[in-house]
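[1] structure, please.
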Amino acid sequence: MAAVRKANVETLTAVLAKSTPGDTVELAPGVYPGPLAITRPLTIKGQAGVVIDGGGKGRVIEVLAQGVRLAQLTVRHSGLDLAKMDAGVFLDRVAKGATVEDLVIEDNLIGVMVWGAEDSVIRRNVIRGRSDLRTSEAGNGVYVWNAPGARIEDNDITFGQDGIFVTSSRRNVFRNNFLHNVRFAIHYMYTHDSEVSLNRSRGNHSGFALMYSDRLLVRGNRSEGDRDEGILLNYANRSTIEENAVVGAEKCVFIYNANFNRFRRNRFEGCEIGVHFTAGSEQNVISENAFIDNRNQVKYVGTRALDWSDKRRGNYWSDNPAFDLDNDGIADVAYRPNDLVDRVVWINPAAKLLLNSPAVSTLRWAQAQFPALHPGGVIDSAPLMTPPQIAAAAPEPKP
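    Residues are numbered from 1 along each chain as shown. As a prediction, this is how the structure comes out:
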């Protein structure tokens, strides 16, 4: 029968040896030396002031049984060997159904390593990585490898390499996390049929980097002040990207060889480039988005004609000086975010010196009068007159 067992620093080893599956081990305040290996399905729960300290060597807590729950602990000072996957909490592949919740995980190489532990749950943790290491030397806040069904929710993650990194997995849910001061907030590689929702990325190199992954649902996330891209798709296919907000990045969205995706009801605002679209991406549907005050709304250097509207619903463009004489909410003429001059400038940046010249003004006037002069590229045949209402993306993080 499951029991509640009390332990302090001196008695922990003996208590763990006597415990039976299903028991709860409650730790009294104190600093417990690591490494600590959990080999039975137990709950390890701490009172205020409980610290598990790895002393800078190896994995601080290693879970080697299924159904283990870790709660209300501070876990710190793992080793620094990436090849050995040193981590604050290491969930081995046998640790199916593990729960890691309400922990403070600080000054570890990897915060939580989910090494094949199916259906594990990582929630409501504060994870502070190493800020004193180079990006190439640092580990991730949460690292998921081949762990179907893993859920990463309601965590506050900062410092280290990536906030959450996942590879070779499926059916994962990353929801309502706050990720800041890292390289990529959330980084997907070879992971399919998964969800990224209601996460907030702030002040990172890039926000949501989705690579070599298919059938993702990316909904209600927010990227604000990320340096390079808010959302990056690289060989990501058949995914839905909707009701996200990106504010103030170099590129709100970068789409590289990503196909059959649906972008709907997103808000892209205050970026140098709203969408950079390249490398033969095919059959993406882009409609009912709001492009607001981006220096270049779209960068597309190609000759194919792409219509960014769907079922007579295009996108809202803040720089579109359009009229709606029939009052149906759709502009009376199509919108082209780029023209021949833009294409020339992207290929030959030195041509920016001529942008205010009479020759360029004449060329742009001629294109407006004779649409056949346009070189192809993006056209919105049904631009919206007002920005669509978008559900609030990613709630404010808890203090």
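[2] which residues of the chain score low on pLDDT?
    Scanning the chain for pLDDT under 70 picks out the ranges 1, 279, 301-303, 338-376, 392-399.
[3] where do the helices sit along it?
    Using DSSP state H, the helices of the chain run over 12-18, 340-347, 358-369.
[4] now do the buried residues in the shortest one.
    Residues of helix 12-18 classed as buried: 12, 15-16 (neighbour count, 16 or more other Cβ atoms under 10 Å). Using the backbone N, CA and C atoms, a C-beta is placed for each residue, glycine as well.
[5] for residue 316, name its beta-bridge partners.
    residue 290, residue 384 (DSSP bridges).
[6] heads up, I number from 157, so please use that
    Right, with 157 as the first residue, what we last looked at is residue 472.
[7] distance from stretch 199-213 to the middle of the chain?
    Its chain's C-alpha centre and that of stretch 199-213 lie 29 Å apart, by Cα atoms, centre = their mean, to the nearest Å.
[8] buried residues, it. List them.
    Residues of stretch 199-213 classed as buried by neighbour count (16+ other Cβ under 10 Å): 199-202, 206-210, 212.
[9] tell me the bridge partners for residue 396.
    Going by DSSP bridges, residue 396 forms beta bridges with residue 373, residue 418.
[10] ignore the last one, residue 285
    Beta-bridge partners, per DSSP bridges, of residue 285: residue 264.
[11] that one and residue 267 touch, don't they?
    Yes - applying Cβ atoms under 8 Å, one finds residue 285 in contact with residue 267, separated by 6.3 Å.
[12] could you tell me which residues touch both of the two?
    295-297, 313, 316 (Cβ atoms under 8 Å, 6 or more residues apart in numbering).
[13] in the residues you listed, which residue is surrounded by the most others?
    residue 297 (32 neighbours; other Cβ atoms under 10 Å).
[14] contacting residues around the residue lying closest to that one once chain neighbours are set aside?
    Excluding its sequence neighbours, the residue lying closest to residue 297 (Cβ to Cβ, 6 or more residues apart in numbering) is residue 313, at 3.7 Å. Applying Cβ under 8 Å, 6+ apart to residue 313 gives the contacts 267, 283, 285, 297-298, 319-320, 333-336, 338.
[15] distance-wise, check residue 313 relative to residue 263.
    14 Å (Cβ to Cβ, to the nearest Å).
[16] check residue 491 too.
    51 Å.
[17] neighbour-wise, which of the two wins?
    Each of residue 491 and residue 263 has its neighbours counted (other Cβ under 10 Å); residue 491 has more, 24 against 20.
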